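The amino acid sequence is not available; the structure is as follows:
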Ligand SMILES: Nc1ncnc2c1ncn2[C@@H]1O[C@H](COP(=O)(O)OP(=O)(O)OP(=O)(O)O)[C@@H](O)[C@H]1O
């Protein structure tokens, strides 16, 4: 639904040039909720604004719903933009218009006849749960209600794509949750494709099926949440499921490290030979396992303990419900060296808890 290739955008002033987006490739499938996560200044807003051409990229291509926007003339671009809704951190509502008037504005712009406008506004306000507040002014609304108006307005022209620019950043956690639930609901009911930018991990956790981490204008990692959870070096997986940094458990026992994300210890088969080598034959093998989907609710650890008759200790971890999947991540301690645990480690790998 959204295809971006080699996107670059540099802001130039007389004194200096800032490369805001530095060669981004991105593919968002129909019906996906894709989150771009990054700190302030990473280039997220610029990227998002290039998707609907509010910002003209210097290089690269942007296609939405099969149309290459980068090639369109102004008039065609205006029409193509109607297929792309956008919501904003500070809502961007017209203070002099009522809730209904704000939503109607989007329909006036597209030339929708008055009678049709009225019916559509009512339908949209019902959709976002604001049917009762049609005559209120933005100043009389809570932040969450304002964002609902923003969402209704963004959906007025029945877009297939919704761009969300930090839509929950100005909201408290409870309101954030209700807006995220609404977005997920709209995504499922309308088949809406959502591309959002955020600096909040909660947003990714709650509603994204795929995500990218952006830094200094580039994507440093990207993929489906399920794939990212399986990658050894995924920052996102680490942040979604924080596990304490590894420390030796007891004198003379060093945990193994490195390997795959789902299998941090990976039983001495890791590239981190220093720590692997230092695991004594009487030591302990530390493994991080990550499971997603139906496996997250399977008694994998109990099964491991029974099957190999080992006293598995759980050093940390959790199970979480993410938007697209259930996922669990645990750090386990198995008595004995990685070599002594080879069969158990192979078993875990075969069960797909490793990449
Ligand atoms: N109109 C502009 N003119 C000049 N520089 C800009 C402009 N807009 C953004 N930048 C610069 O481009 C870089 C990326 O900014 P951008 O707003 O895209 O990042 P961001 O990740 O969205 O950050 P934030 O969350 O703070 O908005 C920053 O260094 C910023 O200062």
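Arrived safely. Quick caveat, the model's predicted, so the values are computed rather than measured. Numbers count the residues shown, from 1 in each chain.

Mind telling me what element residue 337 is part of?
Using DSSP states H and E, residue 337 sits in no helix or strand.

count of neighbours near it?
Using other CB atoms under 10 Å, residue 337 is surrounded by 20 other residues. Bear in mind the C-beta positions are built from the backbone N, C-alpha and C, glycine included.

Same question for residue 135.
Counted with other CB under 10 Å, the neighbours of residue 135 add up to 10.

Spatially nearest residue to it (excluding sequence neighbours)?
residue 98 (5.3 Å; CB to CB, 6 or more residues apart in numbering).

and if you look at residue 21?
Closest residue to residue 21 apart from its sequence neighbours, by CB to CB, 6+ apart: residue 9 at 4.3 Å.

which residues does that neighbour contact?
Taking CB atoms under 8 Å, 6 or more residues apart in numbering, we find residue 9 in contact with 19, 20, 21, 43, 46, 47, 50, 55, 56, 57, 58.

Let's see which of those residues end up in strands.
Using DSSP state E, the subset of these located in strands is 19, 20, 21.

The ligand next: which of the residues you listed are close?
residue 20 (CB under 6 Å from any ligand atom).

for the ones in strands among the contacts of residue 9, which one is nearest the ligand?
When the ones in strands among the contacts of residue 9 are compared for distance to the ligand (CB to the nearest ligand atom), residue 20 wins out at 3.5 Å.

Quick check: residues of this protein near the ligand?
Looking at the ligand, the residues of the chain close enough under CB under 6 Å from any ligand atom are 11, 18, 20, 38, 40, 41, 42, 43, 44, 45, 46.

which one of those residues is nearest residue 191?
Nearest to residue 191 among the residues of the chain next to the ligand, counting by CB to CB, is residue 44 at 24.7 Å.

what pLDDT does the closest one get?
Listed pLDDT for residue 44 reads 96.

need the contact list for it.
With contact set as CB under 8 Å, 6+ apart, residue 44 has these partners: 36, 38, 197, 198, 199, 214.

burial of the first one, as a residue count?
Using other CB under 10 Å, the number of residues around residue 36 comes to 26.

which neighbours does the host helix or strand of it have in its sheet, and in what orientation?
Secondary structure from DSSP H and E places residue 36 in strand 33-37. Strand 33-37 has its sheet partners listed here by DSSP bridges as strand 193-198 (parallel), strand 210-215 (parallel).

Now do the contacts for the closest residue to residue 4 other than its chain neighbours.
Spatially, and ignoring its direct neighbours in sequence, residue 4 is nearest to residue 26 (4.1 Å; CB to CB, 6+ apart). Residues in contact with residue 26, defined by CB under 8 Å, 6+ apart, are 2, 3, 4, 7, 34, 47, 212, 219, 222.

The residues of the chain next to the ligand: which two are farthest apart?
The largest separation in the residues of the chain next to the ligand, counting by CB to CB, is between 11 and 38 at 16.9 Å.

Look at these two and report which has more neighbours.
When residue 11 is set against residue 38 and neighbours are counted by other CB under 10 Å, the residue ahead is residue 38, at 22 against 12.

roughly how far apart are the more buried one and residue 235?
Separation of residue 38 from residue 235 (CB to CB, to the nearest Å) stands at 11 Å.

anything in contact with each of the two?
residue 213.

Show me where the stretch 201-350 of the chain has its strands.
210-215, 218-224, 284-292, 313-321, 326-335 (DSSP state E, counting those that start in this stretch).

Go through the last one and flag the buried ones.
For strand 326-335, burial by neighbour count (16 or more other CB atoms under 10 Å) applies to 327, 328, 329, 330, 331, 332, 333, 334.

what's the pLDDT at the third one?
You'll see residue 329 listed with a pLDDT of 82.

what pLDDT does the closest residue to it other than its chain neighbours get?
Excluding the flanking residues, the one nearest residue 329 by CB to CB, 6+ apart is residue 241, at 3.9 Å. Turning to residue 241, the model gives it a pLDDT of 76.

so what's the backbone phi/psi at residue 241?
Torsion angles at residue 241 (phi, psi; degrees, to the nearest 10) stand at phi -130, psi 80.
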